[in-house]
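Colleague: Sequence and predicted structure are below.
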Amino acid sequence: MDVDYDGLIPNNVGLNQDLAVKKALESWHPGYLDWWNDMGPEGFQDALVYLRTAVSVDPKGWAKFGYVKMPDYKWGVLLAPAVEGRTIPFGKHKGEPAWQEVPGEYRAMLRRLLVIQGDTEPASVEQQRYLGATAPSLYDLRNLFQVNVEEGRHLWAMVYLLQKYFGTQGREEAEDLLNRRSGHQDNPRMLGAFNERTPDWLSFFMFTTFTDRDGKMQLAALAQSGFDPLSRTCRFMLTEEAHHMFVGETGVARIVEKTCEIMKSAGTADPATLRALGVIDLDLIQRKINLHYSLTLDLFGNEISTNAANAYNAGIKGRYREDKLADDHGLLNDTYPVLRCIDGKIVEQSVPALSALNMRLRDDFMADTDGGIMRWNKVIERAGLDVRLTLPHVAHHRQIGEFAAIKADPAGNILTDAEWAARRDEFLPTAADAAFIADLMQPVQQPGEYASWIAPPKTGIDGKPGDFEYVQIFE
Ligand SMILES: [Fe+2]
Ligand SMILES: [Fe+2]
């Protein structure tokens, strides 16, 4: 279906013929804008930002670039094209025609999955709302805002499904998505990592590397869903999501690059000396990796989960790249190896594959993340330095699942509470780290200029030259 780009809500779901849903979305719209103005990027709502906007679902030309004030961004409802004759790809309904309406018996399960996914989208905008004030360049400022407006669009994507398919309850959930607040005492967002602070740009790049990648894995699993509108929504969201991880991964890579350059020219690896020279020591970068990686692993939930088994069996949430896997897509007779904590020891156990789907998705996430770490290490290698960054062991610093009850160092050695307390500051960012970073974060707003602690990108956005004014700020 073609994209109607001219109305209040750009869409390719035929909103003009679907008046009840159109009305529901239009009455939700002012509340969304209030939320955006209250909780979106602080201090830059009048700036002109060079943003991409989704205007089509054709993979070759789905976005257009141009200067936009963020509150005027065209947040639309876009579904990837329907696949003719699509069938449910897994679970006990495998081979039946994909559902175009919500199957009654799975209504509650589907609604819950939509709300959990939907809740993460505005949460990250809230977490990142103060970062504009300390952006290291206009290029980075623009990337932050691009991520923010697209998370806003992802909220629209989930709200559309709630309002179209879940009646009164769906409309109530859509309202609640605007009412919860990241980190709020009484009405927080639903998942732990989305209530943490993202107080600085190193945190932002780590968050977009790791936590947005959790988003990618969840969306990829939902893109396999037998509920076709969800599948199509998630497939299109994944197109946008790739850029978020690009922002994170290249952001950290550019920080590492700058640090290595100064390590070489100053001939030192001493953190205090490097900090005095205005770059972030690799030790601190490693501690930030440990923090954000472990917080993100928690998002995958318990390693062994009947909810995940039920959602798979029902045909609602699949595995990562389900359609590329060669097995019976039923998993009733299969097992999967899971790391467990038994009698205070970390052991691998074979468990029924259906109950281990969270673990499996987490393993896929870890494999996907490895590539990013390798690229960061390539930067260090190219600089001729011996240090390497690593991902911590899955048992390190966990609050959910098998390892929540124990303490382990980043290598996976189990520690007593006393050992943990004595060594915690080796593993995770400290108050002194936070103070240093907070001090270091000073805004750079001249086109083509970059803060001392980050290298310029290799290429511009949309082929723009190095000194392009990605954000026009009006005082
Ligand atoms: Fe998102
Ligand atoms: Fe994202």
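Modeller: That came through, no problem. Numbers count the residues shown, from 1 in each chain. Ligands and ions are numbered 1, 2, ... in the order given.
Colleague: Please give me every residue in contact with the residue in the stretch 101-250 of the chain positioned nearest to ligand 1.
Modeller: Nearest residue of the stretch 101-250 of the chain to ligand 1: H154, at 3.7 Å (C-beta to the ion). For the C-beta atoms, the positions are set from N, CA and C on the backbone; glycine is no exception. Contacts for H154 (C-beta atoms under 8 Å, 6 or more residues apart in numbering) come out as G118, E121, M237, E240.
Colleague: Those residues: which two are farthest apart?
Modeller: G118 and E240 (15.1 Å; C-beta to C-beta).
Colleague: Can you show me the helices along this structure?
Modeller: All helices of the chain, identified by DSSP state H, fall at 19-39, 107-127, 138-165, 167-179, 201-206, 212-222, 228-266, 271-276, 282-298, 306-313, 357-382, 417-427, 431-440.
Colleague: The last one vs helix 417-427, what angle?
Modeller: Angular relation of helix 431-440 and helix 417-427 on a 0 to 180 degree scale: 20 degrees, by axes from the mean of the first three to the mean of the last three C-alpha atoms, to 10 degrees.
Colleague: ditto for the third one
Modeller: Interaxial angle, helix 138-165 versus helix 417-427 (the same axes, to 10 degrees): 120 degrees.
Colleague: tell me how far helix 138-165 is from the chain's mean position?
Modeller: 11 Å (C-alpha atoms, centre = their mean, to the nearest Å).
Colleague: is that helix anywhere near ligand 2?
Modeller: No. Figure legend: helix 138-165 not in contact with ligand 2 (C-beta under 5 Å from the ion); closest approach 5.6 Å.
Colleague: Save the contacts of H154 as TSV, and put in distance to ligand 2, neighbour count and pLDDT too.
Modeller: Putting those into TSV (distance: C-beta to the ion, whole Å; neighbours: other C-beta atoms under 10 Å; pLDDT from 0 to 100) gives the following:
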residue	distance to ligand 2	neighbour count	pLDDT
G118	13	23	97
E121	8	22	97
M237	8	27	95
E240	7	22	91
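Colleague: which ones among those residues come in contact with ligand 1?
Modeller: Okay, of these touching ligand 1 (C-beta under 5 Å from the ion), that's E121.
Colleague: now the contacts of H154 in a markdown table, with distance to N310?
Modeller: Below are the contacts of H154 laid out as a markdown table (distance: C-beta to C-beta, whole Å):
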| residue | distance to N310 |
| --- | --- |
| G118 | 20 |
| E121 | 24 |
| M237 | 24 |
| E240 | 29 |
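Colleague: residues from the stretch 101-250 of the chain in reach of ligand 2?
Modeller: Checking the stretch 101-250 of the chain against ligand 2 by C-beta under 5 Å from the ion, the hits are D212, G215, E241, H244.
Colleague: any idea what sits nearest the spatially most central residue of the chain, other than its immediate chain neighbours?
Modeller: Nearest to the mean C-alpha position of the chain, by C-alpha atoms, centre = their mean, lies D212 at 1.5 Å. Once flanking residues are discounted, D212 sits nearest to H244: 4.2 Å by C-beta to C-beta, 6 or more residues apart in numbering.
Colleague: Could you do H292 as well?
Modeller: M206 (3.9 Å).
Colleague: who touches that neighbour in this structure?
Modeller: So M206 contacts G248, V252, K288, I289, L291, H292 (C-beta under 8 Å, 6+ apart).
Colleague: Tell me the most packed of the residues you listed, by neighbour count.
Modeller: V252 (27 neighbours; other C-beta atoms under 10 Å).
Colleague: That one against F205, yeah?
Modeller: Yes. The criterion here is C-beta atoms under 8 Å, and V252 meets it with F205 at 4.8 Å.
Colleague: Find the residues that touch each one of those two.
Modeller: Common neighbours of V252 and F205 (C-beta under 8 Å, 6+ apart) do not exist.
Colleague: Distance of the residue nearest to G248 when sequence neighbours are not counted relative to G61?
Modeller: Computed as C-beta to C-beta, 6+ apart, the closest residue to G248 that is not its neighbour in sequence is T208, at 3.0 Å. Distance, T208 to G61, by C-beta to C-beta, to the nearest Å: 25 Å.
Colleague: got the residues of the stretch 51-200 of the chain near ligand 1?
Modeller: Looking at ligand 1, the residues of the stretch 51-200 of the chain close enough under C-beta under 5 Å from the ion are E121, E151, H154.
Colleague: nearest residue to the second one other than its sequence neighbours?
Modeller: Distances taken as C-beta to C-beta, 6+ apart place E121 nearest to E151, at 4.7 Å, with adjacent residues excluded.
Colleague: still on that earlier bit, closest to I380 out of the contacts of H154?
Modeller: E240 (30.2 Å).
Colleague: Can you tell me how far that closest one is from L291?
Modeller: From E240 to L291 the distance is 26 Å (C-beta to C-beta).
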